[in-house]
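**Student:** Quick check, what structure comes out for this input:
(one chain, ligands or ions: 1)
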Amino acid sequence: MPTKRDAFDAVVIGAGIGGLTAARTLIDNGRRVTVLESRNEVGGRLRSADVAGGALDFGATWFWPGEPRVAALVKEFDLRTHQQHLAGDAMYHEPGGSKRIDGNPLDVPSNRFADGAQSLARAIANRLPTGTVSFDDPVTAIEQRDQSLHVHHTTGTTTAADVVLAVPPALAVSRIAINPPLPARINGLARVTPVWMGNMTKVVAVYDEPFWREEGLSGSAISHYGPMRELHDMSGESGQPAAIFGFASPAAGAPTPTADDIRIQLAQLFGPNSPRPIEVIITDWRHEPDTSPSGVEQLNAYQTYGHEDYQVPALDGRLHWASTETSTINPGHIEGAIVAGMRAADSILAGTGKTTTPIAHTGKGTR
Ligand SMILES: Cc1cc2nc3c(=O)[nH]c(=O)nc-3n(C[C@H](O)[C@H](O)[C@H](O)COP(=O)(O)OP(=O)(O)OC[C@H]3O[C@@H](n4cnc5c(N)ncnc54)[C@H](O)[C@@H]3O)c2cc1C
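**Tutor:** Residues are numbered from 1 along each chain as shown. Next comes the predicted model:
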């Protein structure tokens, strides 16, 4: 039997960097907030694994100069970072083998999180009041009634004046029933907005040593044959853990490349006698139901990123978009998700004439 729980001013759907940013900003301004997250951890498309000597990234890896919001969080939380390894020549993969390219035209200067990109999300989450995030708690429906939004999720129904939808728009409208329905124009917009990197497979090949560095190679490579189309060094600053990562983008419906496919390509790239990876970790983001709707490969309307309709809350000013795809600045990047989360929180704090209604939270509650 559901029991009455805490009262909330806002419900945030999704504990990726956008949702966490919105939650934090609202809480810092005295609002009562719960974050409902379908996975069992924070970070969303920031996913890292701790390994001896550092971390590996299976989602985002880099942040770039000119991204002040990421830089400010890195400073605030005193996160360890280092520069992307650029030195050395690149490789070009051609049929049956490869050739060396003078220099490294493939990489631009960028920064890495020494403890993995997910450390950024964990740092923000650790500053939220205990129990703010409810894990394993996917939202299935949002209903507007009595000047409030009623959010239905696995562990109950939570009611609040405002809801932050910090989920890629195409996933949100395919997975969450919204009543009354969004205007056809907005629903149509969300349905065609690509999920950034949702069509990608990220491959991480772990080695005993970064052997390519000793050979004067950067670890970067480009291939028109695949399965990986571009590769980069993903080792720790000292060379440990030693790793190379690559992006593959299988065509719609095509299978995920196997570890054997990857090992064959790496041997073609670096030579048949090159050291073999001790582990190959493959993450196909097309098949992550908490990131990508089915058919994600077919979404290509990138011009919808940061669309003006995402800047305006829906459902009478109560439903606020907050994933990176909705950002007018650096959409797709971590920086964009922060921008979107801040915009959503600011629009709630601004109030725009809404009344805050009595709040009831029923169900198992947060943990
Ligand atoms: C392979 C890959 C490489 C990338 N490389 C980079 C990079 O190098 N640099 C960079 O800046 N960016 C990169 N990105 C993009 C970056 O990861 C994203 O911009 C950012 O993490 C998006 O944050 P977000 O909060 O908008 O969305 P997400 O991280 O997708 O967060 C959404 C959250 O909502 C949750 N959720 C989904 N549905 C529901 C539901 N129904 N109920 C409750 N919760 C739900 C999800 O579990 C998730 O936690 C990369 C992404 C990928 C996948």
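**Student:** Once you drop chain neighbours, what's closest to residue 84?
**Tutor:** If you skip the residues right next to it in sequence, residue 84 has residue 110 as its closest partner in space, 4.5 Å away by Cβ to Cβ, 6 or more residues apart in numbering. Every residue, glycine included, has its C-beta placed from N, CA and C.
**Student:** Identify the residues contacting the residue nearest in space to the middle of the chain.
**Tutor:** For the chain, the residue whose C-alpha lies nearest the mean C-alpha position (Cα atoms, centre = their mean) is residue 45; its distance is 2.4 Å. The contact partners of residue 45, by Cβ atoms under 8 Å, 6 or more residues apart in numbering, come to 16, 59, 60, 196, 197, 285, 291.
**Student:** Check the burial of the fifth one by counting its neighbours.
**Tutor:** Spelled out, it's residue 197. 19 (other Cβ atoms under 10 Å).
**Student:** Helix, strand, or coil at the residue nearest to the centre of the chain?
**Tutor:** Under DSSP: H, G, I helix; E, B strand; the rest coil, the three-state class of residue 45 is coil.
**Student:** From the ligand, how far off is it?
**Tutor:** Between residue 45 and the ligand the distance is 3 Å, computed by Cβ to the nearest ligand atom, to the nearest Å.
**Student:** Ok, residue 248 next?
**Tutor:** Relative to the ligand, residue 248 is positioned 10 Å away (criterion: Cβ to the nearest ligand atom).
**Student:** what ranges do the helices span in the stretch 101-250 of the chain?
**Tutor:** In the stretch 101-250 of the chain, the segments counted as helices under DSSP state H, counting those that start in this stretch are 118-126, 169-175, 184-192, 211-214.
**Student:** And the contacts of the second one?
**Tutor:** Around helix 169-175, the neighbours that count as contacts under Cβ under 8 Å, 6+ apart are 13, 138, 140, 165, 167, 182, 187, 189-195, 290-294, 296, 299, 310, 321, 323, 325-326.
**Student:** Of all the residues in it, which ones are buried?
**Tutor:** Residues of helix 169-175 classed as buried by neighbour count (16 or more other Cβ atoms under 10 Å): 169, 170, 171, 172, 173, 175.
**Student:** Look up how far the ligand lies from the fourth one.
**Tutor:** Taking Cβ to the nearest ligand atom as the criterion, residue 172 is separated from the ligand by 7 Å.
**Student:** could the contacts of residue 45 be laid out in JSON lines, adding pLDDT, distance to the ligand and secondary structure?
**Tutor:** Output for the contacts of residue 45, formatted as JSON lines (pLDDT from 0 to 100; distance: Cβ to the nearest ligand atom, whole Å; DSSP: H, G, I helix; E, B strand; the rest coil):
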{"residue": "16", "pLDDT": "98", "distance to the ligand": "2", "secondary structure": "coil"}
{"residue": "59", "pLDDT": "98", "distance to the ligand": "4", "secondary structure": "coil"}
{"residue": "60", "pLDDT": "98", "distance to the ligand": "3", "secondary structure": "coil"}
{"residue": "196", "pLDDT": "98", "distance to the ligand": "5", "secondary structure": "coil"}
{"residue": "197", "pLDDT": "98", "distance to the ligand": "3", "secondary structure": "coil"}
{"residue": "285", "pLDDT": "98", "distance to the ligand": "5", "secondary structure": "helix"}
{"residue": "291", "pLDDT": "98", "distance to the ligand": "5", "secondary structure": "coil"}
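**Student:** So what angle separates the directions of the longest helix along the chain and helix 118-126?
**Tutor:** Of all the segments of type helix in the chain, defined by DSSP state H, the longest one is helix 334-350. Angle of helix 334-350 versus helix 118-126, following axes from the mean of the first three to the mean of the last three Cα atoms, to 10 degrees, is 20 degrees.
**Student:** Helix 334-350 near the ligand at all?
**Tutor:** Yes: where contact is defined by Cβ under 6 Å from any ligand atom, part of helix 334-350 touches the ligand, namely 334, 336, 337.
**Student:** residues contacting the first one?
**Tutor:** I take that to be residue 334. When contacts are counted by Cβ under 8 Å, 6+ apart, residue 334 is found next to 17, 46, 60, 63, 67, 70, 117, 120, 324.
**Student:** Which residue ranges make up the domains of the chain?
**Tutor:** 10-43+121-196+291-363, 51-67+75-116+199-287 (automatic domain parsing).
**Student:** Give me the distance from the last one to the chain's centre.
**Tutor:** Okay, so that is domain 51-67+75-116+199-287. A distance of 19 Å separates the centroid of the chain from that of domain 51-67+75-116+199-287, by Cα atoms, centre = their mean, to the nearest Å.
**Student:** going forward, begin numbering at 10 instead of 1
**Tutor:** I'll keep to 10 as the first residue from here, and by that count the last item is domain 60-76+84-125+208-296.
**Student:** pLDDT below threshold where in this protein?
**Tutor:** Counting by pLDDT under 70, the low-confidence segments of the chain come to 10-15, 361-376.
**Student:** want to throw the buried residues of helix 178-184 into JSON lines with distance to residue 164?
**Tutor:** Rendered in JSON lines, the data for those read as follows (distance: Cβ to Cβ, whole Å):
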{"residue": "178", "distance to residue 164": "24"}
{"residue": "179", "distance to residue 164": "25"}
{"residue": "180", "distance to residue 164": "20"}
{"residue": "181", "distance to residue 164": "19"}
{"residue": "182", "distance to residue 164": "23"}
{"residue": "184", "distance to residue 164": "17"}
